[in-house]
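1. following is a predicted model, sequence given first.
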Amino acid sequence: MLRARVIPCLLLHKRGLVKTVKFKNPRYIGDPINAVRIFNEKEVDELVVLDIDATTQGREPDYSQIEDIVSEAFMPVCYGGGVSTVSQMRKLFHIGVEKISISSAAVQRPALITEAANIFGRQSIVVTLDIKRTIFKRNYQVVIKNASQKTGLNPLKFAKQVVKLGAGELLINNVDLDGTMRGYDLPLLKNITDSVEIPVIALGGAGSIQDLGLVIQKAGVSAAAAGSLFVYHGKHKAVLINYPTEYELKEILGVSFHE
Amino acid sequence: MSNIAIIDYGMGNCKSVVNMLRKIGVGSIIASEPSALSNVCKIILPGVGAFDNAMKRLQEKKFLEPLKNLIVNKNVPILGICLGMQLFADKSEEGVLPGLGLIPGEVKHFDFTELKSTPSRLLIPHMGWNIVKPTSKKNPLFQNISTPMRFYFVHSFHFVCKNPENIIGITNYGYNFPSAIKKGNIYGVQFHPEKSHKFGMQLLKNFAEL
(Lines give C-alpha, C1' and ligand atoms only; values in the text may rest on other atoms or scores of the structure.)
Protein backbone atom coordinates (compact mmCIF):
# COMPACT_ATOMS: atom_id res chain seq x y z
CA MET A 1 0.00 0.00 0.00
CA LEU A 2 0.99 3.54 -0.66
CA ARG A 3 2.00 5.46 2.44
CA ALA A 4 1.06 9.15 2.64
CA ARG A 5 4.07 11.37 2.08
CA VAL A 6 5.76 13.52 4.71
CA ILE A 7 7.53 16.51 3.21
CA PRO A 8 9.93 19.06 4.71
CA CYS A 9 9.28 22.53 3.28
CA LEU A 10 12.36 24.73 2.99
CA LEU A 11 12.13 28.50 2.59
CA LEU A 12 14.83 30.44 0.76
CA HIS A 13 15.48 34.08 1.63
CA LYS A 14 18.60 36.00 0.62
CA ARG A 15 20.09 32.66 -0.51
CA GLY A 16 19.87 31.24 2.99
CA LEU A 17 17.46 28.78 4.55
CA VAL A 18 14.96 30.56 6.83
CA LYS A 19 11.83 29.88 8.84
CA THR A 20 9.00 32.37 9.17
CA VAL A 21 6.08 32.87 11.54
CA LYS A 22 2.82 33.78 9.79
CA PHE A 23 4.92 34.55 6.71
CA LYS A 24 6.89 37.18 8.66
CA ASN A 25 10.17 37.53 10.57
CA PRO A 26 12.34 35.11 8.59
CA ARG A 27 14.84 33.53 10.97
CA TYR A 28 18.09 32.24 9.49
CA ILE A 29 18.39 28.48 9.88
CA GLY A 30 21.45 27.63 7.85
CA ASP A 31 22.83 26.72 4.48
CA PRO A 32 20.19 25.16 2.22
CA ILE A 33 22.54 22.65 0.58
CA ASN A 34 23.73 21.44 3.94
CA ALA A 35 20.11 20.96 4.97
CA VAL A 36 19.37 19.00 1.80
CA ARG A 37 22.34 16.71 2.49
CA ILE A 38 20.99 15.99 5.97
CA PHE A 39 17.51 15.34 4.58
CA ASN A 40 19.11 12.90 2.11
CA GLU A 41 20.62 10.94 4.96
CA LYS A 42 17.26 10.89 6.66
CA GLU A 43 15.68 9.59 3.45
CA VAL A 44 12.85 12.10 3.34
CA ASP A 45 9.95 11.32 1.01
CA GLU A 46 10.15 14.53 -0.98
CA LEU A 47 11.22 18.16 -0.57
CA VAL A 48 9.41 21.41 -1.23
CA VAL A 49 11.70 24.40 -1.74
CA LEU A 50 10.10 27.84 -1.85
CA ASP A 51 11.92 31.08 -2.64
CA ILE A 52 9.92 33.60 -0.63
CA ASP A 53 11.60 36.66 -2.22
CA ALA A 54 11.33 35.98 -5.94
CA THR A 55 7.71 36.99 -6.57
CA THR A 56 7.68 40.01 -4.26
CA GLN A 57 10.94 41.24 -5.77
CA GLY A 58 9.58 40.56 -9.24
CA ARG A 59 12.58 38.47 -10.22
CA GLU A 60 13.17 35.08 -11.83
CA PRO A 61 14.03 31.96 -9.86
CA ASP A 62 17.71 31.77 -8.86
CA TYR A 63 18.53 28.95 -11.28
CA SER A 64 22.11 28.40 -10.16
CA GLN A 65 21.15 28.04 -6.52
CA ILE A 66 18.27 25.71 -7.39
CA GLU A 67 20.60 23.60 -9.53
CA ASP A 68 23.06 23.33 -6.63
CA ILE A 69 20.26 22.21 -4.34
CA VAL A 70 18.69 19.74 -6.77
CA SER A 71 21.98 18.10 -7.70
CA GLU A 72 22.34 17.08 -4.04
CA ALA A 73 18.76 15.85 -3.66
CA PHE A 74 18.11 12.14 -4.23
CA MET A 75 14.40 12.50 -3.65
CA PRO A 76 11.79 14.38 -5.70
CA VAL A 77 11.99 18.16 -5.36
CA CYS A 78 9.19 20.64 -5.89
CA TYR A 79 10.35 24.23 -6.46
CA GLY A 80 8.21 27.34 -6.09
CA GLY A 81 8.82 31.08 -6.18
CA GLY A 82 8.79 33.60 -9.00
CA VAL A 83 7.58 31.16 -11.65
CA SER A 84 5.17 32.77 -14.11
CA THR A 85 6.05 31.47 -17.58
CA VAL A 86 6.42 28.17 -19.41
CA SER A 87 9.98 29.00 -20.44
CA GLN A 88 11.00 29.46 -16.80
CA MET A 89 9.45 26.07 -16.08
CA ARG A 90 11.36 24.48 -18.95
CA LYS A 91 14.62 25.77 -17.44
CA LEU A 92 13.72 24.46 -14.01
CA PHE A 93 12.80 20.98 -15.27
CA HIS A 94 16.03 20.90 -17.27
CA ILE A 95 18.01 21.66 -14.11
CA GLY A 96 16.49 18.58 -12.49
CA VAL A 97 13.43 19.79 -10.60
CA GLU A 98 10.56 17.22 -10.65
CA LYS A 99 7.64 19.48 -9.78
CA ILE A 100 6.98 23.18 -10.00
CA SER A 101 4.69 25.10 -7.71
CA ILE A 102 2.90 28.18 -8.94
CA SER A 103 0.82 30.39 -6.67
CA SER A 104 0.64 34.13 -7.42
CA ALA A 105 0.85 33.37 -11.16
CA ALA A 106 -1.99 30.84 -10.86
CA VAL A 107 -4.24 33.62 -9.54
CA GLN A 108 -3.08 36.29 -11.96
CA ARG A 109 -3.09 34.13 -15.08
CA PRO A 110 -4.88 30.82 -14.49
CA ALA A 111 -4.37 29.77 -18.14
CA LEU A 112 -0.71 29.16 -17.24
CA ILE A 113 -1.82 26.05 -15.32
CA THR A 114 -3.35 24.53 -18.47
CA GLU A 115 -0.40 25.47 -20.68
CA ALA A 116 2.05 23.96 -18.21
CA ALA A 117 0.03 20.79 -17.63
CA ASN A 118 -0.25 20.17 -21.38
CA ILE A 119 3.47 20.48 -21.91
CA PHE A 120 4.97 18.94 -18.79
CA GLY A 121 2.17 16.64 -17.62
CA ARG A 122 -0.20 17.55 -14.85
CA GLN A 123 1.58 15.41 -12.25
CA SER A 124 4.46 17.89 -12.29
CA ILE A 125 2.35 21.02 -11.80
CA VAL A 126 1.57 21.91 -8.19
CA VAL A 127 -0.69 24.85 -7.45
CA THR A 128 0.00 26.40 -4.06
CA LEU A 129 -2.81 28.28 -2.34
CA ASP A 130 -1.75 30.58 0.48
CA ILE A 131 -4.86 30.85 2.62
CA LYS A 132 -5.69 33.38 5.33
CA ARG A 133 -8.75 34.04 7.46
CA THR A 134 -10.60 37.22 6.54
CA ILE A 135 -10.71 39.92 9.22
CA PHE A 136 -14.41 40.35 9.84
CA LYS A 137 -15.89 36.99 8.95
CA ARG A 138 -14.80 33.56 9.95
CA ASN A 139 -14.09 32.92 6.32
CA TYR A 140 -10.97 32.24 4.37
CA GLN A 141 -9.49 33.81 1.30
CA VAL A 142 -6.57 33.16 -1.02
CA VAL A 143 -3.69 35.62 -0.66
CA ILE A 144 -0.74 36.11 -3.00
CA LYS A 145 2.72 37.69 -3.19
CA ASN A 146 3.90 36.21 0.08
CA ALA A 147 0.57 37.08 1.74
CA SER A 148 0.97 40.79 1.02
CA GLN A 149 -2.03 40.95 -1.30
CA LYS A 150 -5.60 39.74 -0.79
CA THR A 151 -7.54 38.28 -3.69
CA GLY A 152 -11.01 37.81 -2.19
CA LEU A 153 -11.04 34.36 -3.78
CA ASN A 154 -12.79 31.58 -1.91
CA PRO A 155 -10.22 28.78 -1.39
CA LEU A 156 -12.64 25.94 -2.09
CA LYS A 157 -13.99 27.46 -5.29
CA PHE A 158 -10.53 28.40 -6.48
CA ALA A 159 -9.18 24.94 -5.66
CA LYS A 160 -11.88 23.34 -7.83
CA GLN A 161 -11.11 25.80 -10.62
CA VAL A 162 -7.37 25.10 -10.70
CA VAL A 163 -8.02 21.36 -10.68
CA LYS A 164 -10.25 21.79 -13.71
CA LEU A 165 -7.52 23.81 -15.38
CA GLY A 166 -4.99 21.02 -14.97
CA ALA A 167 -3.30 21.26 -11.58
CA GLY A 168 -1.81 17.88 -10.64
CA GLU A 169 -1.50 18.57 -6.95
CA LEU A 170 -2.62 21.21 -4.47
CA LEU A 171 -0.38 22.60 -1.75
CA ILE A 172 -2.59 24.24 0.85
CA ASN A 173 -0.54 26.64 2.94
CA ASN A 174 -2.21 28.23 5.94
CA VAL A 175 -0.70 31.68 6.56
CA ASP A 176 -2.23 32.15 10.03
CA LEU A 177 -0.74 28.89 11.26
CA ASP A 178 2.68 29.20 9.58
CA GLY A 179 5.44 28.71 12.17
CA THR A 180 2.98 28.52 15.08
CA MET A 181 3.28 24.73 15.50
CA ARG A 182 -0.33 24.65 16.81
CA GLY A 183 -1.51 21.88 14.51
CA TYR A 184 -3.01 21.90 11.04
CA ASP A 185 -6.38 23.44 10.17
CA LEU A 186 -8.15 20.10 9.85
CA PRO A 187 -11.70 21.29 8.91
CA LEU A 188 -10.43 23.52 6.09
CA LEU A 189 -8.24 20.75 4.70
CA LYS A 190 -11.01 18.16 5.00
CA ASN A 191 -13.31 20.47 3.02
CA ILE A 192 -10.75 20.69 0.26
CA THR A 193 -9.88 16.98 0.07
CA ASP A 194 -13.62 16.21 -0.07
CA SER A 195 -14.03 18.49 -3.09
CA VAL A 196 -11.11 17.54 -5.34
CA GLU A 197 -9.85 14.30 -6.85
CA ILE A 198 -6.14 15.15 -6.85
CA PRO A 199 -3.51 14.81 -4.12
CA VAL A 200 -3.59 17.57 -1.50
CA ILE A 201 -0.49 18.54 0.49
CA ALA A 202 -1.15 20.20 3.85
CA LEU A 203 1.22 22.90 5.09
CA GLY A 204 1.12 25.24 8.06
CA GLY A 205 0.86 24.45 11.74
CA ALA A 206 2.54 21.09 12.27
CA GLY A 207 4.02 21.01 15.77
CA SER A 208 4.58 17.32 16.35
CA ILE A 209 4.75 14.11 14.38
CA GLN A 210 1.32 13.27 15.82
CA ASP A 211 -0.01 16.28 13.88
CA LEU A 212 1.20 14.61 10.68
CA GLY A 213 -0.80 11.49 11.49
CA LEU A 214 -3.87 13.56 12.36
CA VAL A 215 -3.93 15.57 9.15
CA ILE A 216 -3.46 12.45 7.03
CA GLN A 217 -6.10 10.41 8.84
CA LYS A 218 -8.68 13.08 9.71
CA ALA A 219 -8.35 15.48 6.78
CA GLY A 220 -7.57 12.87 4.14
CA VAL A 221 -4.57 14.64 2.65
CA SER A 222 -2.08 12.70 0.52
CA ALA A 223 0.90 14.43 2.06
CA ALA A 224 1.77 16.40 5.18
CA ALA A 225 4.38 19.11 4.77
CA ALA A 226 6.04 21.07 7.54
CA GLY A 227 8.73 23.67 8.11
CA SER A 228 9.37 24.38 11.80
CA LEU A 229 8.80 20.76 12.81
CA PHE A 230 11.76 19.60 10.73
CA VAL A 231 14.20 22.42 11.47
CA TYR A 232 13.60 23.11 15.17
CA HIS A 233 14.04 21.05 18.29
CA GLY A 234 12.58 21.64 21.75
CA LYS A 235 10.50 24.45 23.22
CA HIS A 236 13.26 27.02 22.72
CA LYS A 237 13.35 26.22 19.03
CA ALA A 238 17.00 25.28 18.75
CA VAL A 239 17.92 24.71 15.13
CA LEU A 240 18.17 20.98 14.46
CA ILE A 241 17.37 19.39 11.13
CA ASN A 242 15.27 16.32 11.89
CA TYR A 243 12.82 13.87 10.32
CA PRO A 244 10.95 10.83 11.65
CA THR A 245 12.38 7.40 10.91
CA GLU A 246 10.53 5.02 8.61
CA TYR A 247 9.53 3.05 11.71
CA GLU A 248 8.07 6.15 13.39
CA LEU A 249 6.23 7.11 10.22
CA LYS A 250 4.65 3.69 9.96
CA GLU A 251 3.56 3.91 13.58
CA ILE A 252 2.03 7.36 13.18
CA LEU A 253 0.41 6.79 9.83
CA GLY A 254 -0.83 3.36 10.82
CA VAL A 255 0.30 1.83 7.55
CA SER A 256 2.25 -1.35 7.32
CA PHE A 257 4.98 -1.20 4.79
CA HIS A 258 5.08 -4.97 4.56
CA GLU A 259 1.48 -5.01 3.23
CA MET B 1 33.87 0.89 -16.78
CA SER B 2 32.79 2.51 -20.03
CA ASN B 3 29.97 4.89 -20.45
CA ILE B 4 26.26 4.69 -19.86
CA ALA B 5 24.25 6.79 -22.30
CA ILE B 6 21.10 8.52 -21.10
CA ILE B 7 18.80 9.18 -24.02
CA ASP B 8 17.73 12.82 -24.14
CA TYR B 9 14.70 13.12 -26.37
CA GLY B 10 13.12 16.01 -24.51
CA MET B 11 10.86 13.77 -22.44
CA GLY B 12 12.56 13.24 -19.16
CA ASN B 13 14.67 14.42 -16.37
CA CYS B 14 18.11 13.28 -17.59
CA LYS B 15 19.87 15.51 -15.10
CA SER B 16 18.57 13.60 -12.07
CA VAL B 17 19.85 10.32 -13.52
CA VAL B 18 23.27 11.85 -14.23
CA ASN B 19 23.39 13.26 -10.69
CA MET B 20 22.72 9.93 -9.05
CA LEU B 21 25.13 8.03 -11.29
CA ARG B 22 27.82 10.59 -10.46
CA LYS B 23 27.09 10.08 -6.76
CA ILE B 24 27.80 6.34 -7.11
CA GLY B 25 30.88 6.96 -9.22
CA VAL B 26 29.47 5.83 -12.56
CA GLY B 27 30.28 7.87 -15.64
CA SER B 28 27.48 8.75 -18.02
CA ILE B 29 26.80 10.85 -21.06
CA ILE B 30 23.60 12.53 -22.15
CA ALA B 31 22.92 11.39 -25.72
CA SER B 32 20.94 14.05 -27.57
CA GLU B 33 21.47 12.41 -30.95
CA PRO B 34 22.04 8.87 -32.20
CA SER B 35 25.70 9.49 -33.12
CA ALA B 36 26.45 9.80 -29.39
CA LEU B 37 25.55 6.12 -28.97
CA SER B 38 28.45 4.66 -30.95
CA ASN B 39 30.63 3.53 -28.03
CA VAL B 40 28.23 3.04 -25.18
CA CYS B 41 28.03 -0.11 -23.10
CA LYS B 42 24.64 0.57 -21.55
CA ILE B 43 21.59 2.72 -22.20
CA ILE B 44 19.09 4.38 -19.91
CA LEU B 45 15.79 5.56 -21.39
CA PRO B 46 14.06 7.96 -19.00
CA GLY B 47 10.68 9.46 -19.70
CA VAL B 48 8.00 11.69 -18.29
CA GLY B 49 4.94 12.73 -20.29
CA ALA B 50 2.62 11.22 -22.86
CA PHE B 51 3.21 7.95 -24.77
CA ASP B 52 2.58 9.20 -28.33
CA ASN B 53 4.57 12.33 -27.74
CA ALA B 54 7.53 10.23 -26.60
CA MET B 55 7.35 7.86 -29.60
CA LYS B 56 7.13 10.86 -31.92
CA ARG B 57 10.15 12.50 -30.31
CA LEU B 58 12.21 9.30 -30.56
CA GLN B 59 11.32 9.09 -34.24
CA GLU B 60 11.98 12.77 -34.98
CA LYS B 61 15.37 12.56 -33.34
CA LYS B 62 16.06 9.38 -35.37
CA PHE B 63 16.68 7.27 -32.26
CA LEU B 64 14.32 4.41 -33.15
CA GLU B 65 16.48 2.33 -35.51
CA PRO B 66 19.85 2.86 -33.76
CA LEU B 67 18.23 1.98 -30.43
CA LYS B 68 16.65 -1.23 -31.73
CA ASN B 69 19.90 -2.19 -33.41
CA LEU B 70 21.90 -1.78 -30.20
CA ILE B 71 19.35 -3.54 -28.04
CA VAL B 72 18.25 -6.38 -30.30
CA ASN B 73 21.34 -7.08 -32.43
CA LYS B 74 24.16 -6.03 -30.13
CA ASN B 75 22.53 -7.04 -26.84
CA VAL B 76 23.37 -3.75 -25.13
CA PRO B 77 21.59 -3.65 -21.74
CA ILE B 78 18.92 -0.96 -21.52
CA LEU B 79 16.98 0.32 -18.52
CA GLY B 80 13.68 2.07 -19.19
CA ILE B 81 12.44 4.33 -16.41
CA CYS B 82 8.74 5.19 -15.96
CA LEU B 83 7.44 6.17 -19.41
CA GLY B 84 10.74 4.82 -20.77
CA MET B 85 9.67 1.37 -19.56
CA GLN B 86 6.16 1.75 -20.95
CA LEU B 87 7.60 2.46 -24.41
CA PHE B 88 8.92 -1.15 -24.47
CA ALA B 89 5.32 -2.37 -24.87
CA ASP B 90 3.51 -3.10 -28.13
CA LYS B 91 0.92 -0.40 -27.49
CA SER B 92 -0.64 1.84 -24.86
CA GLU B 93 -4.15 2.93 -23.94
CA GLU B 94 -2.68 6.40 -23.64
CA GLY B 95 -1.99 6.75 -27.36
CA VAL B 96 -2.45 5.38 -30.84
CA LEU B 97 1.17 4.98 -31.95
CA PRO B 98 2.80 1.56 -31.60
CA GLY B 99 5.42 1.16 -28.90
CA LEU B 100 8.94 -0.21 -29.37
CA GLY B 101 7.61 -3.78 -29.13
CA LEU B 102 10.59 -5.00 -27.11
CA ILE B 103 8.68 -6.73 -24.32
CA PRO B 104 5.32 -8.30 -25.22
CA GLY B 105 2.48 -6.50 -23.51
CA GLU B 106 0.46 -3.35 -23.39
CA VAL B 107 0.14 -0.31 -21.18
CA LYS B 108 -3.16 0.30 -19.41
CA HIS B 109 -4.68 3.02 -17.28
CA PHE B 110 -5.24 2.20 -13.60
CA ASP B 111 -8.75 0.84 -13.38
CA PHE B 112 -10.32 0.44 -9.95
CA THR B 113 -13.89 -0.18 -11.11
CA GLU B 114 -13.65 -3.92 -10.37
CA LEU B 115 -12.47 -3.38 -6.80
CA LYS B 116 -15.07 -4.14 -4.16
CA SER B 117 -13.66 -1.98 -1.41
CA THR B 118 -10.51 -0.02 -0.91
CA PRO B 119 -8.88 0.80 2.40
CA SER B 120 -8.26 4.40 1.37
CA ARG B 121 -8.93 6.71 -1.53
CA LEU B 122 -7.04 5.60 -4.60
CA LEU B 123 -6.14 8.77 -6.43
CA ILE B 124 -4.61 8.78 -9.89
CA PRO B 125 -1.74 9.31 -10.51
CA HIS B 126 -0.25 6.74 -8.18
CA MET B 127 2.19 9.13 -6.54
CA GLY B 128 4.59 8.51 -3.68
CA TRP B 129 6.74 5.79 -2.12
CA ASN B 130 5.61 2.23 -2.53
CA ILE B 131 7.00 -1.25 -2.05
CA VAL B 132 8.46 -3.35 -4.83
CA LYS B 133 8.50 -7.10 -4.27
CA PRO B 134 10.97 -8.94 -6.49
CA THR B 135 9.57 -12.14 -7.98
CA SER B 136 12.92 -13.88 -7.58
CA LYS B 137 15.80 -13.46 -5.17
CA LYS B 138 18.23 -14.04 -7.99
CA ASN B 139 17.42 -11.02 -10.08
CA PRO B 140 20.59 -8.96 -10.57
CA LEU B 141 18.73 -5.62 -10.54
CA PHE B 142 17.54 -6.13 -6.95
CA GLN B 143 20.74 -7.45 -5.34
CA ASN B 144 21.93 -5.90 -2.06
CA ILE B 145 18.92 -3.62 -1.63
CA SER B 146 17.58 -3.56 1.91
CA THR B 147 14.00 -4.75 2.29
CA PRO B 148 11.28 -3.67 2.18
CA MET B 149 12.43 -2.02 -1.02
CA ARG B 150 10.71 1.27 -1.49
CA PHE B 151 10.79 3.47 -4.53
CA TYR B 152 9.19 6.71 -5.68
CA PHE B 153 6.34 6.36 -8.19
CA VAL B 154 4.44 8.91 -10.30
CA HIS B 155 2.24 7.40 -13.02
CA SER B 156 -1.33 6.88 -14.19
CA PHE B 157 -0.66 3.99 -16.59
CA HIS B 158 1.06 0.67 -15.97
CA PHE B 159 2.50 -2.22 -17.96
CA VAL B 160 0.54 -5.45 -18.45
CA CYS B 161 2.91 -8.26 -19.48
CA LYS B 162 1.77 -10.89 -21.95
CA ASN B 163 4.33 -13.33 -20.54
CA PRO B 164 4.38 -13.47 -16.74
CA GLU B 165 8.03 -14.58 -16.82
CA ASN B 166 8.94 -11.02 -17.90
CA ILE B 167 7.74 -9.66 -14.54
CA ILE B 168 10.58 -9.24 -12.02
CA GLY B 169 8.95 -6.87 -9.53
CA ILE B 170 5.39 -6.38 -8.27
CA THR B 171 3.76 -3.41 -6.55
CA ASN B 172 0.29 -3.05 -5.08
CA TYR B 173 -1.87 0.00 -5.72
CA GLY B 174 -5.48 -1.10 -5.57
CA TYR B 175 -4.24 -4.32 -7.18
CA ASN B 176 -0.87 -5.84 -8.07
CA PHE B 177 0.83 -4.51 -11.17
CA PRO B 178 4.27 -5.17 -12.69
CA SER B 179 6.61 -2.46 -11.41
CA ALA B 180 9.77 -4.02 -12.87
CA ILE B 181 10.12 -6.12 -16.01
CA LYS B 182 12.92 -7.87 -17.87
CA LYS B 183 13.46 -9.70 -21.10
CA GLY B 184 17.08 -10.68 -21.71
CA ASN B 185 19.12 -7.48 -21.77
CA ILE B 186 16.03 -5.26 -21.57
CA TYR B 187 15.04 -3.94 -18.13
CA GLY B 188 12.19 -1.62 -17.22
CA VAL B 189 11.14 -0.03 -13.95
CA GLN B 190 7.93 1.94 -13.43
CA PHE B 191 9.37 3.87 -10.48
CA HIS B 192 12.11 6.49 -10.39
CA PRO B 193 15.36 4.97 -9.05
CA GLU B 194 17.09 8.33 -9.63
CA LYS B 195 14.83 9.82 -6.94
CA SER B 196 14.69 6.88 -4.55
CA HIS B 197 17.58 7.40 -2.15
CA LYS B 198 19.77 4.39 -1.33
CA PHE B 199 17.27 1.99 -2.89
CA GLY B 200 17.55 3.65 -6.27
CA MET B 201 21.30 4.15 -5.91
CA GLN B 202 21.85 0.44 -5.41
CA LEU B 203 19.52 -0.45 -8.28
CA LEU B 204 21.38 1.86 -10.67
CA LYS B 205 24.67 0.49 -9.38
CA ASN B 206 23.43 -3.04 -10.05
CA PHE B 207 22.45 -2.03 -13.58
CA ALA B 208 25.84 -0.35 -14.14
CA GLU B 209 27.63 -3.51 -13.01
CA LEU B 210 25.63 -5.93 -15.16
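-> Arrived safely.

2. ok, now which ones touch the spatially most central residue of chain B?
-> Closest residue to the average C-alpha location of chain B: residue B:81 at 2.6 Å, with Cα atoms, centre = their mean. Taking Cβ atoms under 8 Å, 6 or more residues apart in numbering or on different chains, we find residue B:81 in contact with B:12, B:17, B:44-47, B:188-189, B:191-194. Yep, even glycine has a C-beta here, placed from its N, CA and C like the rest.

3. where exactly do the helices run in the chain?
-> Because you didn't say which chain, this covers chain A. Ranges of helices in chain A, per DSSP state H, are A:32-41, A:63-70, A:86-95, A:104-108, A:111-120, A:155-165, A:186-195, A:209-218, A:228-231, A:246-253.

4. let's do chain B instead
-> B:14-23, B:51-60, B:64-68, B:83-86, B:197-208.

5. show me the contacts for the closest residue to chain A within chain B.
-> Nearest to chain A, among the residues of chain B, is residue B:15, at 3.7 Å (Cβ to the nearest Cβ). By Cβ under 8 Å, 6+ apart, the contact list for residue B:15 reads A:70-71, A:94-96.

6. so which bits of the stretch 51-200 of chain A are right by chain B?
-> Neighbours of chain B within the stretch 51-200 of chain A, by Cβ under 8 Å from any Cβ of the partner chain: A:70-71, A:74-76, A:93-96, A:98, A:120-121, A:123-124, A:168-169, A:197-199.

7. buried ones among those?
-> Taking 16 or more other Cβ atoms under 10 Å in any protein chain shown as the criterion, what is buried in those is A:70-71, A:74-76, A:93, A:95-96, A:98, A:120-121, A:123-124, A:168-169, A:198-199.

8. on that earlier part again, of the contacts of residue B:15, which is the nearest to chain B?
-> Distances from chain B to the contacts of residue B:15, taken by Cβ to the nearest Cβ, are shortest for residue A:96, at 3.7 Å.

9. leaving out the residues flanking it, which one is nearest to the closest one?
-> Counting by Cβ to Cβ, 6 or more residues apart in numbering or on different chains, residue A:96 lies nearest to residue B:15, which is 3.7 Å off, once chain neighbours are set aside.

10. OK, contacts around the closest residue to residue A:101 other than its chain neighbours?
-> The shortest distance from residue A:101 to any non-neighbouring residue, by Cβ to Cβ, 6+ apart, is to residue A:80 (3.1 Å). Contact analysis of residue A:80 by Cβ under 8 Å, 6+ apart lists A:48-51, A:100-103, A:126, A:128, A:171.

11. ChimeraX command to pick out the buried ones of these?
-> A single ChimeraX command selects the buried members of the contacts of residue A:80 (16+ other Cβ under 10 Å):
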select /A:48,49,50,51,100,101,102,103,126,128,171
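
12. export the contacts of residue A:80 as CSV, with columns for pLDDT.
-> Formatted as CSV, the contacts of residue A:80 follow (pLDDT from 0 to 100):
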residue, pLDDT
A:48, 98
A:49, 98
A:50, 98
A:51, 97
A:100, 97
A:101, 98
A:102, 97
A:103, 96
A:126, 97
A:128, 98
A:171, 98
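
13. closest one of the contacts of residue A:80 to chain B?
-> For the contacts of residue A:80, the nearest to chain B is residue A:126 (11.0 Å; Cβ to the nearest Cβ).

14. partners of that closest one in the sheet?
-> Counting by DSSP bridges, residue A:126 is bridged to residue A:101, residue A:169.

15. ok, the one 5 residues further on next?
-> Applying DSSP bridges to residue A:131 yields these beta-bridge partners: residue A:142, residue A:174.

16. poorly predicted segments of the chain, please.
-> Just going to use chain A. Low-confidence segments of chain A (pLDDT under 70): A:1, A:137, A:255-259.

17. ah, no, chain B please
-> Ranges of chain B meeting pLDDT under 70: B:1-2, B:118-120.

18. what residues does it have near chain A?
-> Proximity of chain B to chain A, by Cβ under 8 Å from any Cβ, involves residues B:13, B:15-16, B:19-20, B:23, B:48-50, B:119-121, B:123, B:125-131, B:148, B:150, B:152-156, B:172-173, B:192, B:194-198, B:200-201.

19. ok, now with 7 Å
-> By the rule Cβ under 7 Å from any Cβ of the partner chain, the part of chain B lying against chain A is B:13, B:15-16, B:19-20, B:48-49, B:119, B:121, B:123, B:125-131, B:148, B:150, B:152, B:154, B:172-173, B:195, B:197.

20. which of those residues fall within strands?
-> By the criterion of DSSP state E, membership of the residues of chain B next to chain A in strands covers B:126-131, B:150, B:152, B:154, B:172-173.

21. and these, which are buried?
-> By 16+ other Cβ under 10 Å, these give B:126-131, B:150, B:152, B:154, B:173 as buried.

22. from those residues, which two are the most distant?
-> Maximum pairwise distance in those, criterion Cβ to Cβ, is 15.8 Å, between B:131 and B:154.

23. correct me, but residue B:48 touches residue B:13?
-> Yes. Counting by Cβ atoms under 7 Å, residue B:48 touches residue B:13, with 6.4 Å between them.

24. looking at those two, which one has more neighbours?
-> residue B:13 (26 against 21; other Cβ atoms under 10 Å in any protein chain shown).

25. mind checking how far that one is from residue B:74?
-> From residue B:13 across to residue B:74, the span is 27 Å (Cβ to Cβ, to the nearest Å).

26. now residue A:220
-> In this view, residue A:220 and residue B:74 are 51 Å apart by Cβ to Cβ.

27. of those two, give the one with the bigger neighbour count.
-> residue A:220 (18 against 8).

28. check contacts around the spatially closest residue to that one that is not a sequence neighbour.
-> Closest residue in space to residue A:220, ignoring its immediate chain neighbours: residue A:193 at 4.0 Å, by Cβ to Cβ, 6+ apart. Contacts for residue A:193 (Cβ atoms under 7 Å, 6 or more residues apart in numbering or on different chains) come out as A:200, A:219-221.

29. show me which of those residues are buried.
-> The buried subset of the contacts of residue A:193 - by 16+ other Cβ under 10 Å - is A:200, A:219-221.

30. my guess is residue A:74 contacts residue B:20, does it?
-> Yes. The pair residue A:74 and residue B:20 qualifies as a contact (Cβ under 7 Å) at a distance of 6.0 Å.

31. out of the contacts of residue A:193, who's nearest chain B?
-> residue A:220 (6.8 Å).

32. and stretch A:116-135, how far out from the chain middle?
-> When distances are taken as Cα atoms, centre = their mean, to the nearest Å, stretch A:116-135 is centred 10 Å away from the chain's centroid.

33. repeat for stretch A:186-204
-> 13 Å.

34. count the neighbours of the residue lying closest to residue A:124 once chain neighbours are set aside for me.
-> With Cβ to Cβ, 6+ apart as the criterion, residue A:124 has its nearest non-adjacent residue at 5.0 Å, and that residue is residue A:99. Look at residue A:99: counted by other Cβ under 10 Å, it has 24 neighbours.
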